[in-house]
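# Sequence and predicted structure, then a few things I'm wondering about:
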Amino acid sequence: MEKIERMAKRLKLPFIRTHHEELLEVSKAKGWTYKEFLETLLESEVKQRDQNGIKLKKQFAKLPYSRTFDELSLSSYKPQAAIQIRELSDMSFLDKGKNVILIGNPGVGKTHLAIGLGLKACEMNKTVLYVTIPYLITELKENMSKNRLTTFRKQLMSYDLIIADELGYCSFDKEGSELLFNFFSMRNEFKSTIITTNLTFSDWPSVFGDTTLSAALIDRLTHRAIIINMSGESHRQKEALENMRVAQN
């Protein structure tokens, strides 16, 4: 058995190294053939490796918190929005390289939904990155100033899914607007991007500061995109009021 452990360590097979004796006892008890034992041993190694890979992908995604898709209450949305949200759960938009644009006032669950979809993508062994729009612009500017913009863009293109959160919470200067435009254009129709915003499309020029640029960006992003209006009662305010009511009673 020590020889198996040494070889498994050399071949970087941690499950086999740790659990081969345990699985051997199970195989004896169940009367497995050598083929069945070997298949189960290798399948278990692959399964653990996949689980470890998914765990790492969730860490590298930099999600601000963990909220699953199933935790989202669809009954709180208008029927059309609820249908669209439910349809997102099959993740087919990801394979088709479609963008998802979530529009709504603060507190309605846009970020929750985006994170839930991000977690689903990680579990499909896809690479995901969460970033707020203001932080993304800062990163783009810094990399441009250090002559690393091309490398940074290649890195951004490598992600299967990018969650670009909080479009509309602050305006940009001309340089920031152009960098963001180029980022969205670069990924458009090749890789999926989820964008959350509290602004309707007619209000986008107020943050980009350029009507022509905004119109061009909206035209590109909305082509083949899934657009969901999630506007409604703030879930956070509703929860706060409910907590106050319970406390008073």
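Looks like it came in fine. Numbers count the residues shown, from 1 in each chain.

# ok, residue 86 to residue 92 distance?
In this structure, residue 86 and residue 92 are 12 Å apart, going by Cβ to Cβ, to the nearest Å. Every residue, glycine included, has its C-beta placed from N, CA and C.

# nope, residue 176 is what I meant
From residue 176 to residue 92 the distance is 33 Å (Cβ to Cβ).

# which of the two has more neighbours?
Neighbours were tallied for residue 176 and for residue 92 using other Cβ atoms under 10 Å; the higher tally belongs to residue 176 (21 against 11).

# what residues are up against that one?
Residue 176 makes contact with 137, 140-141, according to Cβ atoms under 8 Å, 6 or more residues apart in numbering.

# Over to residue 231?
103-105, 108.

# before we move on, what SS does it have?
coil (DSSP: H, G, I helix; E, B strand; the rest coil).

# Quick check: phi and psi on it?
phi -60, psi 140 (degrees, to the nearest 10).

# So it versus residue 67, what's the distance?
19 Å.

# Residue 16: neighbour count?
20.

# got the residue ranges for the helices in this structure?
2-10, 14-30, 34-60, 79-88, 92-95, 110-123, 133-145, 149-157, 174-187, 205-208, 211-222, 235-248 (DSSP state H).

# chain center to the fifth one, what's the gap?
I take that to be helix 92-95. Put simply, helix 92-95 sits 12 Å off its chain's centre (Cα atoms, centre = their mean, to the nearest Å).

# So for that helix, mean pLDDT?
Model confidence over helix 92-95, given as mean pLDDT, is 96.

# Just give the nearest non-adjacent residue to residue 201, would you?
residue 218 (5.2 Å; Cβ to Cβ, 6 or more residues apart in numbering).

# So what's the residue count around that neighbour?
18.

# Relative to residue 53, how far out is it?
Distance from residue 218 to residue 53, by Cβ to Cβ: 36 Å.

# and if you look at residue 70?
In terms of Cβ to Cβ, residue 70 sits 22 Å off from residue 53.

# more crowded one of these two?
residue 53 (12 against 9).
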